[in-house]
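Chemist: Pasting a predicted model and its sequence here:
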Amino acid sequence: MTPTAPTAPALILAAWWAGFLTRTVPQDHGDDSDVGELTTTLMLILAVHDRHTPEEAVRFETALAQQFQAQLDRHGFCEAWTDYRPSPVLCVAATLARISLSDVSLPIKSGSAGSADQVKVKQGYRGEWRSIWTRHSTITRSPLASNSSQDGTEGQPASP
């Protein structure tokens, strides 16, 4: 069976996650105590040394879009999340892209979910779920990759 070319939901979610790789990501684990603040500081110190190149981010985005599309084709929805570690789909995409993800490469306590009709994301423990794409919105390209989507829609995705 030939893999389906990634559609807008898969492309949008992959771009959202990949957009974090080239910068230091704020980490929100929901603990405002003194120990929690120390934990946040240590995570940020580690994250400063864990940035990826734009080329690595594009490879990850491409591999992740394929993984999300496979989920959509199999189940009608796709998802990824981080608790204190990236979920398996994020790790598989990283392996396919030949990069390593640490526990602080992506924002912890975050998630994403997509279907043919909508894409939602949540960043950090205190983050609210928000829609970043619906079937009726417009999209063409990822902010990282120069190739356009395969579904013929136009526009730009929301940035992470």
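Modeler: Perfect, thanks for sending it.
Chemist: Tell me, please, where in the protein the pLDDT is lower than the cut-off.
Modeler: Counting by pLDDT under 70, the chain contains low-confidence residues at 1-2, 138-160.
Chemist: can you give me the strands in it?
Modeler: Here the chain has its strands, by DSSP state E, at 77-82, 110-115, 118-122, 130-134.
Chemist: Turn the ones you listed into a markdown table, columns for mean neighbour count and distance to D28.
Modeler: In this view, the C-beta of every residue, glycine as well, is placed from N, C-alpha and C. Formatted as a markdown table, those follow (neighbours: other CB atoms under 10 Å; distance: least, CB to CB, whole Å):
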| stretch | mean neighbour count | distance to D28 |
| --- | --- | --- |
| strand 77-82 | 21 | 11 |
| strand 110-115 | 21 | 9 |
| strand 118-122 | 20 | 11 |
| strand 130-134 | 16 | 15 |
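Chemist: Including distance to T39, could those go into CSV?
Modeler: Formatted as CSV, these follow (distance: least, CB to CB, whole Å):
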stretch, distance to T39
strand 77-82, 15
strand 110-115, 16
strand 118-122, 20
strand 130-134, 26
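Chemist: Which of the ones you listed sits closest to R98?
Modeler: Closest approach to R98 among the strands of the chain is made by strand 77-82 (18.8 Å; CB to CB).
Chemist: For that closest one, enumerate the helices and strands it packs against.
Modeler: Judged by 3 or more CB pairs under 8 Å, 6 or more residues apart in numbering; DSSP states H and E, the packing partners of strand 77-82 are helix 8-18, helix 54-75, helix 88-96, strand 110-115.
Chemist: Contacts for the longest one next, please.
Modeler: When you say that, I think you mean helix 54-75. 3-7, 9-11, 13-15, 17-19, 21-22, 52, 77-80, 89-90, 92-94, 96-99, 114-116, 142, 144-145 (CB atoms under 8 Å, 6 or more residues apart in numbering).
Chemist: and that helix, which residues are buried?
Modeler: 56-72 (16 or more other CB atoms under 10 Å).
Chemist: now swap in stretch 18-31 and tell me
Modeler: In stretch 18-31, counting by 16+ other CB under 10 Å, buried: A18, G19, F20, L21, T22, V25, Q27, D28, H29.
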